[in-house]
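*Asks:* Take this sequence and fold it.
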Amino acid sequence: MPWWTFRNKGHDWMSDSPTFDVEQRANAAYFANQWAEAEHLYREVQSTSEQQGRHVARNMLGSICERQEREHEAVVLNEAKVQEHSPLGHPYHRLAIIFKRLGQPANEERVLRTALHALQGSGRSWYEDRLSKPRKRHIGRER
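*Replies:* Numbers count the residues shown, from 1 in each chain. Prediction:
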């Protein structure tokens with residue numbers, strides 16, 4: 001069985017999920033770069049799954065949108081996770097990268113600060129580093 005069939009390795013309850021088969025087919029399509037099929041299946045999971053499955057599906061849908069250069073849709077999906085105060089770094093990380101790429105420093109900084117407020121532990125260092133870089137560049141430009 002491929003590694004991606006174990007969304008939460010060690011948790012047997014996942015196989016009891018009513019959308020487990022759909023999630024596994026979505027994962028297979030995603031890792032085979034079959035974006036349209038993966039998107040269709042993740043949207044099905046998002047609309048019918050338990051909370052954990054919906055969170056994973058939304059993350060994966062955001063990734064698909066990014067890969068297809070549909071940044072606006074990726075932003076909407078990830079912003080929804082941020083509004084839910086996700087304790088996981090994925091939506092904050094992806095939004096910061098998207099806003100940096102789109103040249104939206106105010107939005108990038110907003111997301112980085114929100115992540116620092118929402119996240120605990122060692123996952124904060126990436127956000128702290130990102131926040132310190134624009135300040136250094138900004139200070140350098142004022143001289």
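*Asks:* which residues touch Thr114?
*Replies:* Going by C-beta atoms under 8 Å, 6 or more residues apart in numbering, Thr114 touches 82, 92. Using the backbone N, CA and C atoms, a C-beta is placed for each residue, glycine as well.
*Asks:* Please report the distance of it from Gln68.
*Replies:* 26 Å (C-beta to C-beta, to the nearest Å).
*Asks:* Repeat that for Ala38.
*Replies:* Taken as C-beta to C-beta, the span from Ala38 to Gln68 is 11 Å.
*Asks:* and those two? which has more neighbours close in?
*Replies:* Each of Ala38 and Gln68 has its neighbours counted (other C-beta atoms under 10 Å); Ala38 has more, 23 against 13.
*Asks:* Following element in sequence after the helix or strand harbouring the more buried one, please.
*Replies:* Per DSSP states H and E: Ala38 is located in helix 35-48. Tracing the chain past helix 35-48, the next element assigned as helix or strand by DSSP H and E is helix 51-67.
*Asks:* What is that next one packed up against?
*Replies:* Helix 51-67 sits against helix 20-31, helix 35-48, helix 71-83, helix 90-101, with contacts defined as 3 or more C-beta pairs under 8 Å, 6 or more residues apart in numbering; DSSP states H and E.
*Asks:* tally of neighbours for the residue nearest to Gly89 when sequence neighbours are not counted?
*Replies:* For Gly89, ignoring the flanking residues on the chain, the nearest one in space by C-beta to C-beta, 6 or more residues apart in numbering is Gly123 at 4.9 Å. When neighbours are defined as other C-beta under 10 Å, Gly123 has 16 of them.
*Asks:* Can you verify my assumption that Gly123 contacts His90?
*Replies:* No - counting by C-beta atoms under 8 Å, Gly123 stays clear of His90, with 10.2 Å between them.
*Asks:* gap between Ser63 and Gln24?
*Replies:* 17 Å.
*Asks:* what ranges of the protein fall below the confidence cut-off?
*Replies:* In the predicted model of the chain, residues 1-16, 49, 134-143 satisfy pLDDT under 70.
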